[in-house]
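Chemist: Quick one, what's the 3D model for this:
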Amino acid sequence: MSDARQPPKYYQVKEAIIEEIDGLPPGSPIADERTLAASFGTSRTTIRQALQELFREGRIMRHQGRGTFVAEPKLTLPLRLSSYTNEMTNLGVHPSSRVLSVATEEADEATAEALGLSTGHPLTVVSRVRLADDIPLAIEVTHLSQTDFPGVAELMTDQVSLYEILHSRFGISPEHAIETIETAPCTPGQADLLETEIGSPMLLMTRQSFTKDGTAFEFVKSAYRGDRYRFTTRLLT
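Modeler: Residues are numbered from 1 along each chain as shown. Take a look at the predicted model:
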């Protein structure tokens, strides 16, 4: 009679691979499926399942045509109201952004509610890819009232911080925010922009940012690569 408490084979293989790669520098190559299957005396299907879990956890990275490698350690970001630029700089990472588009849209019901506007209100929508050391790590889409913040489209470039524009031109700075986080698999469009695999784990975040007087001034939807990020927060009683 088999032991019901025995972990499945793929999990045993996964733990064994973790032991082998622990301490190896990022970028170290990992043996291919055929070699690992022979080494562990199991099927390639089992090896594939173990590697898929390691990939989802951000322990390994895969490059088409090149192979599988030990991943860079995840960036640990505190959950606090601060600019992306400042947080990356504090981690010793070079931050940059690539503006995808600055468009005019009408507020849908959810966005209008988040910003305290009427449905159909004109918005400026800034879509950007966020990079760290030139690696694309997140897609960020910011919604602003076009009537409250005119001219943002003309000022927004890859080199300019949106928060700097809001502060210097409109005297707006975030005082507090409400943020939610959920998980979802990476879509084909996200995978293309973030140079990762379709179906890989993503952290989806929405944020309402408020001024000191309690006025909501931005609504942000972000998609972070789950294999490269983890977030921490401090809990107080």
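
Chemist: How many residues are close by the nearest residue to residue 26 once chain neighbours are set aside?
Modeler: Nearest non-adjacent residue to residue 26, counting by CB to CB, 6 or more residues apart in numbering: residue 72, 4.5 Å away. Bear in mind the C-beta positions are built from the backbone N, C-alpha and C, glycine included. Using other CB atoms under 10 Å, residue 72 is surrounded by 16 other residues.

Chemist: same question, residue 5
Modeler: 5.

Chemist: I'd like to know how far it sits from residue 33.
Modeler: 28 Å (CB to CB, to the nearest Å).

Chemist: Just the pLDDT at residue 1, thanks.
Modeler: Residue 1 is assigned 47 on the pLDDT scale.

Chemist: hmm, back to that, quick one, phi/psi of the residue nearest to residue 26?
Modeler: phi -60, psi 150 (degrees, to the nearest 10).

Chemist: Okay, it and residue 132: tell me how far apart.
Modeler: 10 Å.

Chemist: Extract the residue ranges of the protein that are flagged as low pLDDT.
Modeler: Within the chain, the stretches with pLDDT under 70 are 1-4.

Chemist: can you map out the strands along it?
Modeler: 29-30, 60-63, 67-70, 75-78, 95-106, 122-132, 135-145, 176-185, 201-210, 216-225, 229-232 (DSSP state E).

Chemist: can I see the domain layout of the protein?
Modeler: Residue ranges for the domains of the chain, per automatic domain parsing: 9-70, 75-232.

Chemist: Columns mean neighbour count on top of those, output as CSV?
Modeler: Below are the domains of the chain laid out as CSV (neighbours: other CB atoms under 10 Å):
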stretch, mean neighbour count
domain 9-70, 15
domain 75-232, 16
